[in-house]
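Chemist: the following comprises the amino acid sequence and a computationally predicted model.
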Amino acid sequence: MNVVSIDKPTINQMPIVSFPGRIHTIYTASQVPSAVLALRSAAIVGFDTETRPSFKRGERHKVSLLQLSSDSDAFLFRLNHFGIPTPLKEFLEDKDIIKVGLSTTDDFHQLARVCDIHPAGFIELQQMVKQFGIADMSLQKIYAIIFQQKISKGQQLSNWEAPQLSEAQKRYAAIDAWACLRIYRHLHDGQFLPQESPYYHELIEQE
């Protein structure tokens with residue numbers, strides 16, 4: 001069985017991804033309508049969330065940040081400040097707006113802890129990449145396979161409930177949503193051929 005997969009040492013030799021667009025951090029509910037209006041002008045958006053990590057047994061935090069990105073602009077909604085206002089909820093539930101994410105079921109469970117929400121119009125990348133023989137399911141590995149660049153995970157376990165997000169946190173959050181969109185476009189447009197990938201190989205099953 002032939003698959004496309006990559007290992008960590010290979011990824012670590014790759015150049016780091018940088019976000020090419022503008023980042024807008026939404027701190028108050030009053031900023032949400034204009035941000036959602038701007039996102040509605042995009043045909044497709046990338047999606048992700050961040051939650052403050054828990055380091056104690058039994059400790060759980062609600063989702064801190066929701067990221068939505070077009071090709072040029074990423075909007076970071078600080079849900080720990082204002083929850084999910086109606087314009088944002090309606091956007092996430094709009095089946096006619098395509099939103100692309102990775103491991104979205106986990107994100108939906110997190111959002112449901114904030115309010116009664118029924119997300120629609122989502123494409124799950126983990127299902128999509130299987131059609132191209134990609135065996136790896138993490139965003140970092142999928143992105144590296146397709147674009148030969150590394151998404152840094154240095155901010156993943158940072159405090160997403162901090163009063164002010166650092167510039168490094170903003171870049172990390174923006175990239176995660178934007179990367180989902182970029183992967184989708186590349187695959188959807190037929191620009192990735194598994195057999196031509198340098199990471200295409202025969203899967204040797206462990207006994």
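Modeler: Happy to help now that I have it. Numbers count the residues shown, from 1 in each chain.

Chemist: so how far is stretch 114-126 off the chain centroid?
Modeler: 13 Å (C-alpha atoms, centre = their mean, to the nearest Å).

Chemist: before we move on, what about stretch 136-148?
Modeler: So, by C-alpha atoms, centre = their mean, the centroid of stretch 136-148 is 12 Å from its chain's centroid.

Chemist: is Phe192 in contact with Arg182, as I believe?
Modeler: No. The pair Phe192 / Arg182 is not scored as a contact, 11.5 Å apart, by C-beta atoms under 8 Å. No exception for glycine: its C-beta is placed from N, CA and C like everyone else's.

Chemist: count of neighbours near Ala116?
Modeler: Actually, residue 116 is Asp. It isn't Ala. Residues within reach of Asp116, counting by other C-beta atoms under 10 Å, total 8.

Chemist: look up how far Asp107 lies from it.
Modeler: 16 Å (C-beta to C-beta, to the nearest Å).

Chemist: can you show me the helices along this protein?
Modeler: Using DSSP state H, the helices found in the chain span residues 8-12, 32-40, 79-82, 86-93, 104-112, 125-130, 139-147, 167-188.

Chemist: would you turn those into TSV with mean neighbour count, distance to Asp71 and mean pLDDT?
Modeler: As requested, the helices of the chain are exported to TSV (neighbours: other C-beta atoms under 10 Å; distance: least, C-beta to C-beta, whole Å; pLDDT from 0 to 100):
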stretch	mean neighbour count	distance to Asp71	mean pLDDT
helix 8-12	12	24	96
helix 32-40	16	12	98
helix 79-82	18	24	96
helix 86-93	18	17	98
helix 104-112	16	20	95
helix 125-130	17	16	97
helix 139-147	23	15	98
helix 167-188	21	7	97
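
Chemist: CSV for those, including distance to Gly21?
Modeler: Formatted as CSV, those follow (distance: least, C-beta to C-beta, whole Å):
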stretch, distance to Gly21
helix 8-12, 23
helix 32-40, 12
helix 79-82, 21
helix 86-93, 19
helix 104-112, 21
helix 125-130, 20
helix 139-147, 16
helix 167-188, 7
